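S.K.: can't give you the sequence, but here's the structure:
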């Protein structure tokens with residue numbers, strides 16, 4: 001009698017070939033870093049919105065907005081090498097991912113670009129993320145472009161991807177100008193720092209949020225772990241430091257949440 005197999009097997013999802021293709025754009029001269037940010041005000045603000053206005057605004061949206069604003073104010077992280085020139089984009093087109101449920105019940109990350117995110121509110125970004133999770137993305141131009149790429153023979157697809165990696169204008173059209181991926185999930189309430197692959201000059205990964213003990217009689221603090229990957233061929237420490245300082249301040253002061261909280265309190 002043949003014993004039952006101790007494993008399961010299913011077909012390779014073709015959409016993962018797109019993910020592998022984008023991972024192949026990783027910059028070879030990348031270095032990594034981490035930071036921690038006190039997000040107590042943000043977490044309190046999100047909880048207040050749920051209580052007062054019944055709005056479940058996501059931390060993902062808050063992060064997209066903060067990263068975009070900090071990048072637009074420090075455009076060194078939006079700068080790319082193109083032949084013998086440096087190209088600096090005005091807009092922070094944030095390339096991120098949403099975890100979509102597939103028709104067969106499995107879940108796959110799907111790329112989504114929030115264009116000119118520095119000019120959008122947290123709520124507007126939240127609605128885009130929500131629409132991507134629930135809506136039909138197959139008719140969007142970005143998804144159509146990626147699916148056309150997927151249909152190419154593998155050698156030709158590799159050539160196209162190398163062309164995209166070498167031309168920041170193409171990379172912007174296909175992906176964006178800065179990367180943000182989130183590992184936030186219920187239960188990820190401990191310190192965990194992810195380091196993302198980096199097809200851009202800067203990519204950031206959202207890790208865990210852990211609770212730190214109160215100091216000198218104060219309330220416990222919520223601390224977010226972030227990992228970053230930076231293309232050292234283009235950006236140096238001073239420019240990166242300016243960006244991280246701006247990002248830390250916007251998050252710790254919950255600047256992007258101010259309008260939402262005030263509007264909820266006024267109702």
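M.R.: Sure, I can see it. Just so it is clear, the model here is predicted, and its values are computed rather than measured.

S.K.: Any stretches of the protein with poor pLDDT?
M.R.: For the chain, the stretches with pLDDT under 70 are 1, 53, 55, 102-106, 135-140, 263-267.

S.K.: Roughly how far does the nearest residue to residue 88 once chain neighbours are set aside sit from residue 41?
M.R.: Distances taken as Cβ to Cβ, 6 or more residues apart in numbering put residue 79 closest to residue 88, at 4.4 Å, once the chain neighbours are dropped. All C-beta atoms are positioned from the backbone trio N, CA, C, and that covers glycine. Between residue 79 and residue 41 the computed distance is 31 Å (Cβ to Cβ, to the nearest Å).

S.K.: Am I right that residue 199 falls within a helix?
M.R.: No: using DSSP: H, G, I helix; E, B strand; the rest coil, the assignment for residue 199 is coil, not a helix.

S.K.: just checking, it touches residue 21?
M.R.: No: counting by Cβ atoms under 8 Å, residue 199 sits too far from residue 21 to count as a contact (10.0 Å).

S.K.: The two: who's more crowded?
M.R.: residue 199 (25 against 20; other Cβ atoms under 10 Å).

S.K.: Distance check, the more buried one against residue 233.
M.R.: Taking Cβ to Cβ as the measure, residue 199 falls 13 Å from residue 233.

S.K.: overlap in contacts of those two?
M.R.: Common neighbours of residue 199 and residue 233 are listed as residue 27 (criterion: Cβ atoms under 8 Å, 6 or more residues apart in numbering).

S.K.: For residue 123, which non-adjacent residue is closest in space?
M.R.: The spatially closest residue to residue 123, leaving aside those adjacent along the chain, is residue 260, at 6.1 Å (Cβ to Cβ, 6+ apart).

S.K.: Could you do residue 66 as well?
M.R.: Excluding the flanking residues, the one nearest residue 66 by Cβ to Cβ, 6+ apart is residue 250, at 4.6 Å.

S.K.: For the helix or strand hosting that neighbour, buried residues please.
M.R.: Following DSSP states H and E, one finds residue 250 within helix 237-252. Going by neighbour count (16 or more other Cβ atoms under 10 Å), the buried part of helix 237-252 is 239-240, 243-244, 246-248, 250-251.

S.K.: swap in stretch 12-30?
M.R.: Under 16+ other Cβ under 10 Å, the buried positions of stretch 12-30 are 15, 18-19, 21-22, 25-27, 30.

S.K.: Take those and write them to TSV, including distance to residue 113 and secondary structure.
M.R.: Below are the buried residues of stretch 12-30 laid out as TSV (distance: Cβ to Cβ, whole Å; DSSP: H, G, I helix; E, B strand; the rest coil):
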residue	distance to residue 113	secondary structure
15	17	helix
18	14	helix
19	15	helix
21	16	helix
22	12	helix
25	14	coil
26	18	coil
27	18	coil
30	21	strand
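
S.K.: how about those in a markdown table, adding distance to residue 119?
M.R.: Listed next are the buried residues of stretch 12-30 as a markdown table, based on distance: Cβ to Cβ, whole Å:
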| residue | distance to residue 119 |
| --- | --- |
| 15 | 30 |
| 18 | 28 |
| 19 | 29 |
| 21 | 29 |
| 22 | 25 |
| 25 | 26 |
| 26 | 29 |
| 27 | 27 |
| 30 | 28 |
